[in-house]
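Enquirer: sequence plus predicted model, see below.
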Amino acid sequence: MRQKVIAGNWKMYKTIPEALRLVNQLRKKLEAQPPRRTRVIVCPPFTALAPVHEALQGSNIGLGAQNIFWEEEGAYTGEISAAMVKSTGAKYVIIGHSERRRYFHEEEAIINKKIKIALKNKLKVIHCIGESLEEREQGLTMEVVSNQVEWDLKDLTPQDLKNIIIAYEPVWAIGTGKTATPEQAEEVHSFLRDILDALFDKGAGKGMTILYGGSVKPENAASLLSQPDIDGALVGGACLKADSFFKIIQASEKVG
Ligand code: 13P
């Protein structure tokens, strides 16, 4: 049985003191009501990773980064390597987020290199995919997400998949308040499992943890998370307050 995962992508929010305040509040709530079926992950900005790791000592909350560079090391001013992320205590990294595809021109070949270097450095990957509004309106959703899975995960083995979580995040639902309906999300999630079976091996799809992301809020979390192929959520805006993020975790616990 796949575990439920609720991950928070903090994006470019929270200074170090703000980050510590947020994780301390979250930790307190989770210690009062420990989740039994849901893995909780927070992904603060790079600058807060080490201090947040320190603040999370002894808790079950997982820690992830939001990006890495695709080379081991070198003259790449301003970039952060997988080993650097690993050395903060983080165990996860988000790769392929639509904001990085859009603003930093990250294409499939780059995402593929980043996923490979993350896995080589023993970081677990939260791999984001999803179609734009235009692509959905043209009926291209399934084609877009299957191409992303095929090319982003090129040359990987079924064994590698064990260290990858997929997050389906329709671009039109991110930060817009427009959530995919549970049926729309479920349709894509179920299709992704078929694609993974076809690209890797039978059973690959069934074993993969697939999260939904895009305007997940306490009010809509339960209906999304109760879909059979939705294993959790990658939360943006609603993870920036301990209260709303905790409510989403509680929703996952109820349906889990
Ligand atoms: P919102 O929850 O703010 O729509 O962001 C979703 C997201 O991009 C998570 O990675």
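Expert: Thanks, I have it. Worth saying up front: this structure is predicted, and the values here are computed from it rather than measured. Residues are numbered from 1 along each chain as shown.
Enquirer: got the contact list for the residue nearest to the spatial centre of the chain?
Expert: The residue lying closest to the centre of the chain (C-alpha atoms, centre = their mean) is Ile126, at 4.2 Å. Contacts for Ile126 (C-beta atoms under 8 Å, 6 or more residues apart in numbering) come out as 7, 41, 43, 64, 92-95, 164-165, 167, 211, 234. Any C-beta I mention is one placed from the backbone N, CA and C, and that applies to glycine too.
Enquirer: ok, those vs the ligand, which is closest?
Expert: Among the contacts of Ile126, Leu234 lies closest to the ligand (C-beta to the nearest ligand atom), at 4.5 Å.
Enquirer: the helix or strand where the closest one lies: partners in the sheet, and parallel or antiparallel?
Expert: Assigned by DSSP states H and E, Leu234 falls within strand 232-235. Strand 232-235 has the following sheet partners, assigned by DSSP bridges: strand 4-9 (parallel), strand 209-213 (parallel).
Enquirer: how far away is the residue nearest to Glu135 when sequence neighbours are not counted from the ligand?
Expert: Excluding the flanking residues, the one nearest Glu135 by C-beta to C-beta, 6 or more residues apart in numbering is Val144, at 5.0 Å. To the ligand, Val144 is 17 Å away according to C-beta to the nearest ligand atom, to the nearest Å.
Enquirer: what distance separates the helix or strand that contains Val144 from the centre of its chain?
Expert: Using DSSP H and E, Val144 falls within helix 141-152. Centroid separation for helix 141-152 versus its chain: 17 Å, with C-alpha atoms, centre = their mean, to the nearest Å.
Enquirer: after that helix, next one along is what?
Expert: helix 158-161.
Enquirer: what does the stretch 101-250 of the chain put close to the ligand?
Expert: Glu169, Ile174, Gly175, Gly213, Gly214, Ser215, Val216, Leu234, Val235, Gly236, Gly237, Ala238 (C-beta under 6 Å from any ligand atom).
Enquirer: doesn't Asn112 lie inside a strand?
Expert: No. Counting by DSSP: H, G, I helix; E, B strand; the rest coil, Asn112 falls outside a strand, being helix.
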